[in-house]
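1. Fold the stuff below for me.
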Amino acid sequence: MVFLSKRNDVSKKALTAVLLAIMLPVISYLIVKKASDRSIGMPRRYYYDSVISVIRDGKTIDDTLWHSVEDFKFQNQLGRTVSLADLPGKVIVADFFFTRCPSICPKLTANIRKLQDALSSKDQFKQLNPAFIQFLSFSVDPERDSVPVLKAYGNKFGINPDLWWLLTGHKKQIYDFSMNELKLGLADGEGVDSNFIHTQKLVLLDKEHVVRGYYNGLDSVDMSKMANDMVFIMLEKDKNYVSPLNEIKPILPIIIFMLVATVGLVIYLSRKTQSLKPNV
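-> Presented below is the predicted three-dimensional model:
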């Protein structure tokens, strides 16, 4: 009697364990799905080049090809010729200024400096890795803003040249980049003078150099929103990422069959044990 009772208890525990093994992934999925439904939306993408049809999981769906800004080659405050190709996988914050500006530029630079310093703080932006962030400030008066002038400006404001480039080059290329690639003329509600760009707008680019946001660099609320968006983009999953779970899809029917067979076997053994019990 004692032996049969223990055997029955073991069978019941085995059945419970199998049922938990089946239900746990389902419960976890429902919890994650519920949490994701309440999650904050990612910063949107602004401009697309085209829409193409692709086949995924046997279904034809429309896929948007978002506009990734063109590369450039300018000189930074250290006299190095740099380009976007030097910043693979980096989240970028871009703005436009000139060193002789007496109005918005010093305030704009000071606010970006606060963000630069915050990235090095242990108490703020813990999820951000400074190595994956780059600030780019383009001079809209490149004829006067030579490399030595930019270097002096950077020293004045405590700019870290590893994290933040002050850029100069051909005026037409800088203006074309701002208007045609970053679309500042479309983003600024008051309009941007294409003959002399003077705006407090900051532009956020993701790791694929796609525009993800425009922010008022003189507004503390907007700067805080940009900082949060930087975190979201840093944590954003690569669209080309393939989950390791996809590797088990081909054998998923076999796994399900084995689970069902195991449950059936446990139930059979449990009933068999019950039938072996002596009638009292």
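2. Next one: the nearest residue to residue 168 once chain neighbours are set aside from residue 87, what distance?
-> Leaving aside its chain neighbours, residue 168 sits nearest to residue 142 (4.3 Å; criterion: C-beta to C-beta, 6 or more residues apart in numbering). Where C-beta positions appear, they are placed from N, C-alpha and C, glycine not excepted. Separation of residue 142 from residue 87 (C-beta to C-beta, to the nearest Å) stands at 20 Å.
3. Could I get the full set of strands for the stretch 151-280 of the chain?
-> 164-167, 201-205, 211-216 (DSSP state E, counting those that start in this stretch).
4. any chance of those in a markdown table, plus mean neighbour count?
-> Putting the strands of the stretch 151-280 of the chain into a markdown table (neighbours: other C-beta atoms under 10 Å) gives the following:
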| stretch | mean neighbour count |
| --- | --- |
| strand 164-167 | 24 |
| strand 201-205 | 23 |
| strand 211-216 | 22 |
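5. For residue 77, find the nearest of the ones you listed.
-> Proximity to residue 77, assessed across these by C-beta to C-beta, is greatest for strand 164-167 (4.4 Å).
6. List the contacts of residue 84.
-> 69, 71-72, 92, 209 (C-beta atoms under 8 Å, 6 or more residues apart in numbering).
7. Any chance of a PyMOL selection covering the buried ones in the residues you listed?
-> Buried members of those, defined by 16 or more other C-beta atoms under 10 Å, are picked up in PyMOL with:
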select buried, resi 69+72+92+209
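8. among the helices and strands of this protein, which one scores worst on average pLDDT?
-> helix 2-37 (a mean of 51; mean pLDDT, DSSP states H and E).
9. quick one: low-confidence parts of the stretch 1-150 of the chain?
-> Along the stretch 1-150 of the chain, the model assigns pLDDT under 70 to residues 1-40, 49, 51-63, 121-130.
10. make it 50
-> 2-4, 6, 10, 29, 32-33, 36-38 (pLDDT under 50).
11. what about the closest residue to residue 144 other than its chain neighbours, neighbour count?
-> Leaving aside its sequence neighbours, residue 144 sits nearest to residue 100 (C-beta to C-beta, 6+ apart; 6.5 Å). If you count neighbours by other C-beta atoms under 10 Å, residue 100 ends up with 12.
12. correct me, but residue 100 touches residue 141?
-> Yes - if you go by C-beta atoms under 8 Å, residue 100 and residue 141 touch, sitting 6.7 Å apart.
13. would you turn the strands of the stretch 151-280 of the chain into a markdown table with distance to residue 173 and mean pLDDT?
-> Compiled in a markdown table, those are given as follows (distance: least, C-beta to C-beta, whole Å; pLDDT from 0 to 100):
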| stretch | distance to residue 173 | mean pLDDT |
| --- | --- | --- |
| strand 164-167 | 10 | 98 |
| strand 201-205 | 17 | 96 |
| strand 211-216 | 18 | 94 |
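14. thinking again about what came up before, between the contacts of residue 84, which sits nearest residue 184?
-> Using C-beta to C-beta, the contacts of residue 84 come closest to residue 184 at residue 69, 11.8 Å.
15. Please tell me how far the residue nearest to that closest one when sequence neighbours are not counted sits from residue 103.
-> Counting by C-beta to C-beta, 6+ apart, residue 69 lies nearest to residue 181, which is 4.1 Å off, once chain neighbours are set aside. Residue 181 sits 25 Å away from residue 103, going by C-beta to C-beta.
16. Of the two, give the one with the bigger neighbour count.
-> Taking other C-beta under 10 Å, residue 181 and residue 103 do not tie; residue 181 has more neighbours (21 against 9).
17. Domain parsing of the protein, as residue ranges.
-> With domains defined by automatic domain parsing, the chain comprises 2-39+251-276, 70-235.
18. In the stretch 1-150 of the chain, mark out all the strands, start to finish.
-> With DSSP E, counting those that start in this stretch as the criterion, the stretch 1-150 of the chain has strands spanning 48-56, 59-66, 73-75, 81-83, 91-97, 133-139.
19. Tell me which of residue 142 and residue 87 has more neighbours.
-> Regarding residue 142 and residue 87, a neighbour count based on other C-beta under 10 Å identifies residue 142 as having more, with 22 against 19.
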